[in-house]
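Peer 1: Below are the sequence and a predicted model for it; my questions follow.
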Amino acid sequence: MNQTIFEEKGIIFNIQRYSIHDGPGIRTNVFIKGCPLRCKWCCNPESQNIQIENMLDADGPGSTPVGREVTVREVLEEVAKDSRYYYRSGGGVTLTGGECMVQPSFACAIMEACHEYHINTAIETTSFATSEVVKRFIPLVDYWLMDIKHMDSEKHKLYTGQPNDLILQNAKYIADHHPDLTIRVPVIPGVNDTEEEIDAIAKFADSLGKGAKALHLLPYHRLGEDKYRRLGRSYFLMGLEPLSQERMLQLKKVAEKYRLPVQIGG
Ligand code: SF4
């Protein structure tokens, strides 16, 4: 066993046990800090800056630092507590954030350590990273959840701060080289919720290689809204209502024209 991976350090802002929405089975989500995108709807704005920052407390006048430096050993000590649930449910560990590819050495070391302990790995990612980074992740990820937010690069840039070409290029590579890729679409009212926009993403997902296995449509929610105030930032989508279940079902039908199985939610 390569012991040095356990001493690798990185910045996380949360470890959440008993998750059932970010990969198969019961999982522990490790939230890695830092993201190159700035999605207007991001429900974890405290994830975006890689630096540790202060956030006002939800229920009082004080504030608490968000983020802490940890070693892979410390992460493993925490996630291994639920090993028996992973084995029984087919679950494991999911690296989310933020964007785990922002701290590639740390993220890869966590997954390598998980595999040493026979713990399944998943990532929840936009994969906005160089091809070298993507290639490092391929052998270490068991289940790849990848967001595609818009097929129009201009709109992608407007709503996330970055164009989509690198993401789409990486999606093709991943589907050709990884056996289990799920494309996830956060469906945001006024951003990508027309039939044409969902059709374009579903068509692209359908065109991907054999590793692409499913398409998930994730309804917009407002759970992160208050965090912007607590970070002293403005929330661009303030007051925006989530889509109805009926509308989500209509969009699901649009995506179902293609080969990949489609579901609403993760
Ligand atoms: S990619 Fe995810 S973590 Fe990054 S800004 Fe967008 S929603 Fe937030």
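Peer 2: Everything's here; your move.
Peer 1: going forward, measure contacts between C-alpha atoms and count neighbours the same way
Peer 2: Noted.
Peer 1: Any idea how many residues pack against whichever residue of the stretch 151-266 of the chain sits closest to the ligand?
Peer 2: Minimum separation of the stretch 151-266 of the chain from the ligand (C-alpha to the nearest ligand atom) falls at residue 160, amounting to 6.5 Å. Here the number of neighbours of residue 160 (other C-alpha atoms under 10 Å) works out to 19.
Peer 1: contacting residues around it?
Peer 2: By C-alpha atoms under 8 Å, 6 or more residues apart in numbering, residue 160 lies in contact with 37-40.
Peer 1: Would you confirm that residue 49 contacts residue 34?
Peer 2: Yes - the criterion here is C-alpha atoms under 8 Å, and residue 49 meets it with residue 34 at 4.9 Å.
Peer 1: Please identify which of these two sits among more neighbours.
Peer 2: residue 34 (24 against 15).
Peer 1: ok, that one touching residue 102?
Peer 2: Yes - with contact defined as C-alpha under 8 Å, residue 34 reaches residue 102; the gap is 6.1 Å.
Peer 1: and the chain, which residues reach the ligand?
Peer 2: 35, 37-39, 42, 44, 97-99, 126 (C-alpha under 6 Å from any ligand atom).
Peer 1: all strands for this structure, in order.
Peer 2: With DSSP state E as the criterion, the chain has strands at 9-19, 27-32, 53-56, 63-66, 68-71, 92-97, 120-125, 143-147, 181-187, 212-219, 262-264.
Peer 1: Mean pLDDT and mean neighbour count for those strands - can I get that in a markdown table?
Peer 2: Formatted as a markdown table, those follow (pLDDT from 0 to 100; neighbours: other C-alpha atoms under 10 Å):
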| stretch | mean pLDDT | mean neighbour count |
| --- | --- | --- |
| strand 9-19 | 97 | 19 |
| strand 27-32 | 98 | 26 |
| strand 53-56 | 96 | 17 |
| strand 63-66 | 96 | 14 |
| strand 68-71 | 98 | 16 |
| strand 92-97 | 97 | 28 |
| strand 120-125 | 98 | 24 |
| strand 143-147 | 98 | 24 |
| strand 181-187 | 98 | 24 |
| strand 212-219 | 98 | 22 |
| strand 262-264 | 98 | 19 |
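Peer 1: which residues of the stretch 101-250 of the chain score low on pLDDT?
Peer 2: For the stretch 101-250 of the chain, no stretch has pLDDT under 70.
Peer 1: ok, and the closest non-adjacent residue to residue 265?
Peer 2: Of all residues not flanking residue 265 in the chain, residue 218 sits nearest, at 4.7 Å (C-alpha to C-alpha, 6 or more residues apart in numbering).
Peer 1: List the beta-bridge partners for that neighbour.
Peer 2: residue 186 (DSSP bridges).
Peer 1: I'd say it and residue 183 touch.
Peer 2: No - using C-alpha under 8 Å, residue 218 makes no contact with residue 183, being 10.4 Å away.
Peer 1: The residue in the stretch 101-250 of the chain that the ligand sits nearest to: how many residues sit nearby?
Peer 2: Residue nearest to the ligand within the stretch 101-250 of the chain (C-alpha to the nearest ligand atom): residue 126, separated by 5.6 Å. Using other C-alpha under 10 Å, residue 126 has 26 neighbouring residues.
Peer 1: which residues touch the nearest residue to residue 178 once chain neighbours are set aside?
Peer 2: In space, and not counting its chain neighbours, residue 178 is closest to residue 211: 5.5 Å by C-alpha to C-alpha, 6+ apart. Going by C-alpha under 8 Å, 6+ apart, residue 211 touches 174-181.
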